[in-house]
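Visitor: Pasting the sequence and the predicted coordinates here, then a few questions.
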There are 2 protein chains.
Amino acid sequence: MKYQTPRGTLDFLPDKCAERVYIEERFRYTFTRWGYAEIRTPTFEYFDALKLGTGDELINSMFTFEDKGGRLLALRPENTNPVCRVVATKMQHYSKPIKLFYIGSQFRYEEPQSGRQREFFQAGVELLGINTPETDAEVIAILIEALQNIGLKDVRINLGHVGVFKSLVQEAGMNLSEAAELRKNIDKGNIEALEDELNKLSIQNSLKEAFRLLPELKGGIEVTDQLLELIDSPDVDAAIENLRAIAKVLDGYPYAGQITINLGIVRGIDYYTSSVFEAFVPEMGESALGGGGRYDNLIAEFGGQDVPATGYAVGIDRCHLALEKQNYEFPKPEIRILVLYLTQEERNIAIQTTINLRRVGFPVLLTFEEKGIVAGLKLADKQNVPFVIIIGEKEVKKSEATVRDMTKGSQESVSFKNLIEYFFSKMVK
Amino acid sequence: MKYQTPRGTLDFLPDKCAERVYIEERFRYTFTRWGYAEIRTPTFEYFDALKLGTGDELINSMFTFEDKGGRLLALRPENTNPVCRVVATKMQHYSKPIKLFYIGSQFRYEEPQSGRQREFFQAGVELLGINTPETDAEVIAILIEALQNIGLKDVRINLGHVGVFKSLVQEAGMNLSEAAELRKNIDKGNIEALEDELNKLSIQNSLKEAFRLLPELKGGIEVTDQLLELIDSPDVDAAIENLRAIAKVLDGYPYAGQITINLGIVRGIDYYTSSVFEAFVPEMGESALGGGGRYDNLIAEFGGQDVPATGYAVGIDRCHLALEKQNYEFPKPEIRILVLYLTQEERNIAIQTTINLRRVGFPVLLTFEEKGIVAGLKLADKQNVPFVIIIGEKEVKKSEATVRDMTKGSQESVSFKNLIEYFFSKMVK
């Protein structure tokens, strides 16, 4: 127990690691099908850059350390900020829209939970350079499709609009820090605490009612009607108009039925400006697999021009957990072959046989088993290898390998030059 | 310039990132062909665990920071130590040999150079549980094949044996720290400094001569003859015997001609016990792409039983640089299609067309271009998209999309239901 990994970090042993690599490759496949290009940013950056636009909660969760010059560095707590830094400082000349994705580790010093580690893995997309309802709809659609393509069933999206909340805050004559408690209680659906908080405020009753309503406005796009009736504000009108336009575009996607409007989502990260959304599967309850939204002001913070943007991140650890809970059958590992030679005299022909089989794509283990054929087959059994090619003196003399099918317990002779063909026919079955 | 990345870290923009992902996938392919399984360890761990067996140079290069309980953490400076920790603490029950590989970031606070960053990427394999010349030979062979499979030409290996050096040190009545300067000068081939150092020592002349010879013993396995004649030591004899046995197994691999014996390799990391080797290509000069060796005592340091092991790590950044210097032609990006719809009336059919094409594997961009067809084609041109599917009022009415070949400047009508077939035939050509 002396050498455990730090709290909130994980080792991925072979079986879990293979599943993880599979999930990541499926995300990569979906994102590239949608024409998105991969990008990779450093694991640590200057704290001053990473904190831009992210809000206190994220800033306080960063792992920080100093370089030898005393400058504060941090492990990235999320990847949207670094992508924006790259776009602002190195991709100004790229044709818009810019469509990017990333897959990698993020780090937050938080209390670990199931599916939520201190080192955690995210896959995310960012669509930059255009602000239209079509682009908001696209990232929501690719979120659903990406989750489905890794094998998840019953994916659901809650779609809200922080523009509504932010406009209400403005109408109430408050700023966002003053509204932090309101926001938290709305986001958590904590109605009682929300009412207490509202009772303390001296603002119009219609505004109080609107705030109180937000966590309850869930369903079809028509739930927005109530707000329009209650509040007379061009900003609130515009936000709802925008949400309706996004919902209308989404109607053209085959995933429209999986989306619920939910104005109670007023997510924690400060940089969101309009649409916000979260993805769920029933097996994970209230724990979102990921989420995102539009953030039109973040890139300009890095000193570049204004670039509207929308995107999301999903937690790969949570997706992995959700797949396990849904009893997803990951693809079986590739079938491996063991080449077993019995004396040093057959070594070179065993090596050559192994190399030939690997060249055409078979995963092949090579072993010299001094203790003889029984010990060799025992090894094959322990290592779950279904086929063993045995090469001894007799085999070399006849130019025929003995191939043992470990599952059937049978064996047959196959000439060395026919081995590739033989295994191709085995693998097809 | 306000938001640069820290010194020694890199952003990978889309083109470079695609090359990088390709290289990593090729490494993964080779390693799995040889029956190795992937493993992933945390980016940071307890300093006390990471420092085991690694030597002062590596320990001093670690990025360290404290958790909130005051325990010292560090970013991993290499991945062999963490793999050994996992094997010692979590894989004792696995059938031996255990064959593992990893691909990931490592971190060292060193002066950045071309192909050598502070955050750098390594691919490596570890073969654990058996100490035979066959296993030493296997990891050297997989190193050569892995480098060739990513596209490198003229890969060369220098193969030495630290057992020889360590036995000579023992014969001289010294310990390894006392021999640190000798070791450095031998490894760097700094003959003059080596002679000065040897002159200071009061040891047998034959030992002095042996140390002085080491950096010059390069060539075929017969270079070891000189040492055997010079030194009468069972330990030196055993080390040379072991090196000869490894070389003999390697003779059975088609890569034997790429290997040079070099007893001047006495690598810096302390945990190596016997064979040591480094990989080179001519375009990178003296800068090794990677290296490794046998380390039979490391795993027991984690409190597990003794497990012999051998393995290596290659620097992916250096491999990438070497491929560029060799003018390697990375695979061309997949051909993308742009679906362009002209008014909101055609939106839903455009979405459906896009989704259908993506489902069969085509990378497809979808765009609504309010400014009309000319602006849309200009966008396709800027984004290097060779085919545009245009969907306007006319196309919907006739149930035929207009497909424009941007390279030829030609266009033709293709019925919506034949689009998939049409593009399959285009892509085959």
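Guide: Perfect, I can see it now. Residues are numbered from 1 along each chain as shown, chains lettered A, B, ... in the order given.
Visitor: wait, A:Leu72 sits on A:Ala49?
Guide: No. Between A:Leu72 and A:Ala49 there is no contact under Cβ atoms under 8 Å: 10.4 Å. Quick note: C-beta positions are derived from backbone N, CA and C, even for glycine.
Visitor: and these two? which has more neighbours close in?
Guide: Taking other Cβ atoms under 10 Å in any protein chain shown, A:Leu72 and A:Ala49 do not tie; A:Ala49 has more neighbours (22 against 14).
Visitor: quick one: the more buried one and chain B, what's the gap?
Guide: Separation of A:Ala49 from chain B (Cβ to the nearest Cβ, to the nearest Å) stands at 5 Å.
Visitor: Please apply the same query to A:Leu379.
Guide: Remark: distance between A:Leu379 and chain B (Cβ to the nearest Cβ) = 7 Å.
Visitor: List the residues that contact that residue.
Guide: Contacts for A:Leu379 were tallied using Cβ atoms under 8 Å, 6 or more residues apart in numbering or on different chains; they are A:338, A:340, A:367, A:369, B:95.
Visitor: from the residues you listed, which ones fall inside strands?
Guide: Among these, DSSP state E puts A:338, A:340, A:367 in strands.
Visitor: hey, C-alpha coordinates of stretch A:292-311 in PDB?
Guide: C-alpha atoms of stretch A:292-311 as PDB (Å, rounded to 0.1, in the frame of the first residue of the first chain):
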ATOM      1  CA  GLY A 292     -21.600  23.000 -23.500                       C
ATOM      2  CA  GLY A 293     -23.000  26.100 -25.000                       C
ATOM      3  CA  ARG A 294     -22.300  29.300 -26.900                       C
ATOM      4  CA  TYR A 295     -19.400  31.600 -25.700                       C
ATOM      5  CA  ASP A 296     -19.100  34.600 -28.000                       C
ATOM      6  CA  ASN A 297     -16.800  36.700 -25.900                       C
ATOM      7  CA  LEU A 298     -14.000  34.400 -24.700                       C
ATOM      8  CA  ILE A 299     -11.700  34.600 -27.700                       C
ATOM      9  CA  ALA A 300     -11.500  38.400 -27.600                       C
ATOM     10  CA  GLU A 301     -10.200  38.100 -24.000                       C
ATOM     11  CA  PHE A 302      -7.000  36.700 -25.500                       C
ATOM     12  CA  GLY A 303      -6.400  39.900 -27.400                       C
ATOM     13  CA  GLY A 304      -7.700  38.600 -30.700                       C
ATOM     14  CA  GLN A 305     -10.700  39.900 -32.600                       C
ATOM     15  CA  ASP A 306     -14.200  39.000 -31.600                       C
ATOM     16  CA  VAL A 307     -14.900  35.400 -32.700                       C
ATOM     17  CA  PRO A 308     -18.300  33.900 -31.900                       C
ATOM     18  CA  ALA A 309     -18.100  30.200 -30.800                       C
ATOM     19  CA  THR A 310     -20.000  27.300 -29.500                       C
ATOM     20  CA  GLY A 311     -18.900  23.900 -28.300                       C
END
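Visitor: what about it, near chain B?
Guide: Yes. Under the criterion of Cβ under 8 Å from any Cβ of the partner chain, stretch A:292-311 makes contact with chain B via A:302-303.
Visitor: Whichever residue of the stretch 151-300 of chain A sits closest to chain B: neighbour count?
Guide: Nearest residue of the stretch 151-300 of chain A to chain B: A:Gly252, at 3.7 Å (Cβ to the nearest Cβ). Using other Cβ under 10 Å, A:Gly252 is surrounded by 19 other residues.
Visitor: Then A:Glu345?
Guide: Neighbour number of A:Glu345 under other Cβ under 10 Å is 12.
Visitor: Check the one 3 residues further on too.
Guide: Other residues near A:Asn348 number 15, with proximity taken as other Cβ under 10 Å.
Visitor: Kindly report the same for A:Gln113.
Guide: As a burial measure, A:Gln113 scores 10 neighbours (other Cβ under 10 Å).
Visitor: Kindly report the same for A:Glu421.
Guide: If you count neighbours by other Cβ under 10 Å, A:Glu421 ends up with 12.
Visitor: Please determine how far it is located from chain B.
Guide: A:Glu421 is 18 Å from chain B, by Cβ to the nearest Cβ.
Visitor: Does that residue belong to a helix, a strand or coil?
Guide: helix (DSSP: H, G, I helix; E, B strand; the rest coil).
Visitor: and it, what does it touch?
Guide: Contact analysis of A:Glu421 by Cβ under 8 Å, 6+ apart lists nothing.
Visitor: related to what we said a few turns ago, quick one: least confident of the contacts of A:Leu379?
Guide: Within the set of those, pLDDT is lowest for A:Glu369 (76).
Visitor: pretty sure it is touching A:Gly376, no?
Guide: Yes. With contacts counted by Cβ under 8 Å, A:Glu369 reaches A:Gly376, the gap being 3.7 Å.
Visitor: Quickly list what's touching both of those two.
Guide: A:340, A:342.
Visitor: between the two, who's got more neighbours?
Guide: Using other Cβ under 10 Å, the more surrounded residue of A:Glu369 and A:Gly376 is A:Gly376, with 22 against 18.
Visitor: and that one, what does it touch?
Guide: Counting by Cβ under 8 Å, 6+ apart, A:Gly376 touches A:338, A:340, A:342, A:367, A:369, A:388, A:390.
Visitor: ok, 10 Å please
Guide: A:338-342, A:367-370, A:388, A:390, A:404 (Cβ atoms under 10 Å, 6 or more residues apart in numbering or on different chains).
Visitor: Please apply the same query to A:Asn242.
Guide: Contacts for A:Asn242 (Cβ under 10 Å, 6+ apart) come out as A:131-133, A:136, A:161, A:163-164, A:274-275, A:294.
Visitor: Going by neighbour count, list what's buried in the helix or strand where it lies.
Guide: Element membership of A:Asn242 [criterion: DSSP states H and E] is helix A:234-250. Across helix A:234-250, burial judged by 16 or more other Cβ atoms under 10 Å in any protein chain shown covers A:236, A:239-243, A:245-247, A:249-250.
Visitor: send the alpha carbons of that helix over as CSV?
Guide: Below are the C-alpha coordinates for helix A:234-250, written out as CSV (Å, rounded to 0.1, in the frame of the first residue of the first chain):
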residue,chain,number,x,y,z
PRO,A,234,-36.2,43.2,-25.5
ASP,A,235,-33.2,41.2,-24.2
VAL,A,236,-35.3,38.4,-22.8
ASP,A,237,-37.4,38.4,-26.0
ALA,A,238,-34.2,38.1,-28.1
ALA,A,239,-32.8,35.3,-26.0
ILE,A,240,-36.1,33.3,-26.3
GLU,A,241,-36.2,34.1,-30.0
ASN,A,242,-32.7,32.7,-30.4
LEU,A,243,-33.6,29.5,-28.4
ARG,A,244,-36.7,29.0,-30.6
ALA,A,245,-34.6,29.4,-33.8
ILE,A,246,-32.1,26.7,-32.5
ALA,A,247,-35.0,24.4,-31.6
LYS,A,248,-36.4,24.8,-35.1
VAL,A,249,-33.2,23.9,-36.8
LEU,A,250,-32.8,20.9,-34.5
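Visitor: what mean pLDDT does it have?
Guide: Confidence for helix A:234-250, expressed as mean pLDDT, is 97.
Visitor: can you check stretch A:265-273 too?
Guide: Mean predicted confidence for stretch A:265-273 is 81.
Visitor: what distance separates the start and the end of it?
Guide: End-to-end distance for stretch A:265-273: 12 Å, by Cα to Cα, to the nearest Å.
Visitor: got the buried residues for it?
Guide: Going by 16+ other Cβ under 10 Å, stretch A:265-273 has these buried residues: A:265-267, A:269-273.
Visitor: hang on, the earlier thing: so what strands line up beside the following helix or strand past the helix holding A:Asn242?
Guide: With elements assigned by DSSP H and E, the helix or strand that comes after helix A:234-250 is strand A:259-262. Partners of strand A:259-262 in the sheet, by DSSP bridges, are strand A:156-161 (parallel), strand A:218-219 (antiparallel).
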